[in-house]
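Student: starting from these lines, generate the structure:
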Amino acid sequence: MLKITKKTEYALIAIRHISNSRDLCSSKEISTFYNIPHEIMAKTLQKLSRMEYVRAIKGSNGGYYLNNSIGKINLVDFIENLEGPIGIVKCATSTTCDLIEQCNIKSPIDKINSNIKNMLSKISLQDISN
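Tutor: Here you go, the predicted structure:
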């Protein structure tokens, strides 16, 4: 089964929430609204801020807002920045495999992996946030 991790899921939820808000959004607001543990959402937003997907304003009236270049960022780059290389099996992202010499599915798996990455590269964060 292919699925994104909670880290990516929460990051996408936060980006979409912030993009649909007219005001600054706090980690507490987002975590409460989606029933996500506050500490996890706070760390997610801090990471998104370090990666410059969102901007942070500190203080009692602070919060987060989206970076204006969000439309230029595709989903595959976003996921790989958060998680590392995308691969449906380990050998799709690593050269260390005990079966590589005898593997009879490497080529079709590489094709599938390439198609998935190609599809994700056509989706921008702006598409997710609209």
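Student: tell me how far the lengthiest helix in the chain lies from the chain's centre.
Tutor: Across the chain, the longest stretch assigned as helix under DSSP state H is helix 106-121. Helix 106-121 sits 18 Å away from the centroid of its parent chain (Cα atoms, centre = their mean, to the nearest Å).
Student: one more: stretch 38-53?
Tutor: Centroid displacement of stretch 38-53 relative to its chain, using Cα atoms, centre = their mean, is 11 Å.
Student: please apply the same query to stretch 111-129.
Tutor: Worked out by Cα atoms, centre = their mean, stretch 111-129 lies 12 Å from the chain centre.
Student: with stretch 21-34 instead?
Tutor: 18 Å.
Student: buried ones in that stretch?
Tutor: Using 16 or more other Cβ atoms under 10 Å as the test for burial, stretch 21-34 gives 25-27, 29-31. All C-beta spots, glycine's among them, are computed from the backbone N, C-alpha and C.
Student: quick one: contacts for F78?
Tutor: 8, 11, 53, 125 (Cβ atoms under 8 Å, 6 or more residues apart in numbering).
Student: would you list these in TSV and tack on distance to I40 and pLDDT?
Tutor: Rendered in TSV, the data for the contacts of F78 read as follows (distance: Cβ to Cβ, whole Å; pLDDT from 0 to 100):
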residue	distance to I40	pLDDT
T8	13	94
A11	11	96
Y53	17	93
L125	20	89
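Student: and of these, the nearest to I79?
Tutor: Closest approach between the contacts of F78 and I79, by Cβ to Cβ: T8, at 5.5 Å.
Student: would you list the phi and psi of the closest one?
Tutor: Per-residue torsions, T8: phi -70, psi -40 (degrees, to the nearest 10).
Student: I30 versus that one, what's the distance?
Tutor: 15 Å (Cβ to Cβ, to the nearest Å).
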